[in-house]
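*Asks:* missing the sequence, but the structure's below:
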Ligand SMILES: Nc1ncnc2c1ncn2[C@@H]1O[C@H](COP(=O)(O)OP(=O)(O)OP(=O)(O)O)[C@@H](O)[C@H]1O
C-alpha cells in the first residue's frame, strides 16, 4: 500500500550560501495493509523529513513514493490532493485550527469531503469526540480557544474520521494523559484491523511496542560521506 523505492532527500539552503544538507538516500520500504511500521533513529536522522516526503510536503530528489499504486513524486498536484482526501491520512500533534468552524464540523469534514452525507459524518464525529473525552458543551464551538491537549484530541478525531487505507502518524500520543493515550492506541489498532497501512513516529516506546509490527531505522538511510 505504501511503497518507497530508492528515495533520497537533499535540502539546499538558498538563503545560507546555498548550503547543501543531504539527509536521506536510497530509502526503500514497503508497508502492507493492516501493518504498522515505526520510523526510528537518532534525532536529526530524517524521520520527520521522510514522513513529509511521503505526504508530499517535501519533494524527493529521486525515487518513487507509491501510495496504492500512484507515484506521488511524479503526480500532478491535483492527483496529490485527491490521494490526500481519499487514501492517505496524516495525523500530527497539532491541529491547524480553522477559524469559526464548529468542532463537530471540523471532525466531520474529511468524511464530507469524500461525499458522506452530513448525518452520517456528524454521527461518526460525535462518536470520536465522545471516545476522546471532548465535553459535549464544546462541540458547537470553534477549537481555536481550546487547550493544547483538547486541540490535539480534536485533531486525532479528525484524522481518524475517514477510514483512510494509508495513514501517517506523527507522535499521535505525545502529551496525552494515560486514558486518552489508550484511546488513541485503540483507534490505531482498529485502523490496522480494517486494513490500513500505517507509518508512525512514536517517541513513546511502550505505545510503539503495543501497536507497531516492526521498526524502520532511518539512520540506515544516511547518505554515505566521502572519506
Ligand atoms: N526544511 C528544511 N530545510 C533544511 N533542512 C531541513 C529541513 N527539514 C529538516 N532539515 C534537516 O534534515 C535533518 C533531519 O531532520 P528531521 O526533522 O527529519 O529529523 P528527525 O529524525 O525527525 O529528528 P527529531 O527526532 O529530532 O525530530 C536535520 O539535519 C534538519 O536540519
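*Replies:* In hand now; what should we look at? All figures in this text were calculated on a predicted structure; none of them were measured in a lab.

*Asks:* when you work out contacts or count neighbours from here on, use the C-alpha atoms and nothing else.
*Replies:* Noted.

*Asks:* so residue 54 sits against residue 64, correct?
*Replies:* No - in this structure, residue 54 is not within contact of residue 64 by CA atoms under 8 Å, at 9.7 Å.

*Asks:* heading C-terminal from the longest helix along the chain, find the next helix or strand.
*Replies:* Looking across the chain with DSSP state H, the single longest helix is helix 178-193. Using DSSP states H and E, the next helix or strand after helix 178-193 towards the C-terminus is strand 197-201.

*Asks:* returning to that earlier point: higher neighbour count, residue 54 and residue 64?
*Replies:* Taking other CA atoms under 10 Å, residue 54 and residue 64 do not tie; residue 54 has more neighbours (26 against 21).

*Asks:* which non-adjacent residue is nearest the more buried one?
*Replies:* residue 65 (6.5 Å; CA to CA, 6 or more residues apart in numbering).

*Asks:* let me know the pLDDT of that neighbour.
*Replies:* Note on residue 65: pLDDT of 97.

*Asks:* could you pull up the residues touching it?
*Replies:* 2-5, 7, 54, 71-73 (CA atoms under 8 Å, 6 or more residues apart in numbering).

*Asks:* can you do 10 Å?
*Replies:* 2-7, 27-30, 53-56, 71-75 (CA atoms under 10 Å, 6 or more residues apart in numbering).

*Asks:* swap in residue 166?
*Replies:* For residue 166, counting by CA under 10 Å, 6+ apart, the contacting residues are 1-2, 31-36, 67-68, 83-84, 86-90, 191-192, 195-199.

*Asks:* backbone dihedrals for it, please?
*Replies:* phi -130, psi 140 (degrees, to the nearest 10).

*Asks:* if we can go back for a sec, does the residue nearest to residue 54 count as helix, strand or coil?
*Replies:* Recorded secondary structure, residue 65: strand (DSSP: H, G, I helix; E, B strand; the rest coil).

*Asks:* elements contacting the longest helix of the chain?
*Replies:* Where contact means 3 or more CA pairs under 10 Å, 6 or more residues apart in numbering; DSSP states H and E, helix 178-193 is packed against strand 36-40, helix 118-131, helix 148-159, strand 166-170, strand 197-201, helix 205-211.

*Asks:* to residue 186, which of these lies closest?
*Replies:* With CA to CA as the measure, helix 205-211 is the member of the helices and strands packed on helix 178-193 nearest residue 186 (8.7 Å).

*Asks:* helix or strand right after that closest one?
*Replies:* strand 214-217.

*Asks:* residues making contact with that next one?
*Replies:* 29, 31, 35-42, 45-47, 199-201, 208-209.

*Asks:* would you mark the buried spots in the longest helix of the chain?
*Replies:* Residues 180-181, 183-185, 187-189, 191-192 are the ones in helix 178-193 that count as buried (16 or more other CA atoms under 10 Å).

*Asks:* against residue 64, how distant is the closest residue to residue 202 other than its chain neighbours?
*Replies:* Nearest residue to residue 202, sequence neighbours excluded (CA to CA, 6+ apart): residue 171, at 5.0 Å. Using CA to CA, to the nearest Å, residue 171 is found at 25 Å from residue 64.

*Asks:* so where is the protein shaky, pLDDT-wise?
*Replies:* By pLDDT under 70, the low-scoring segments of the chain are 225-227.
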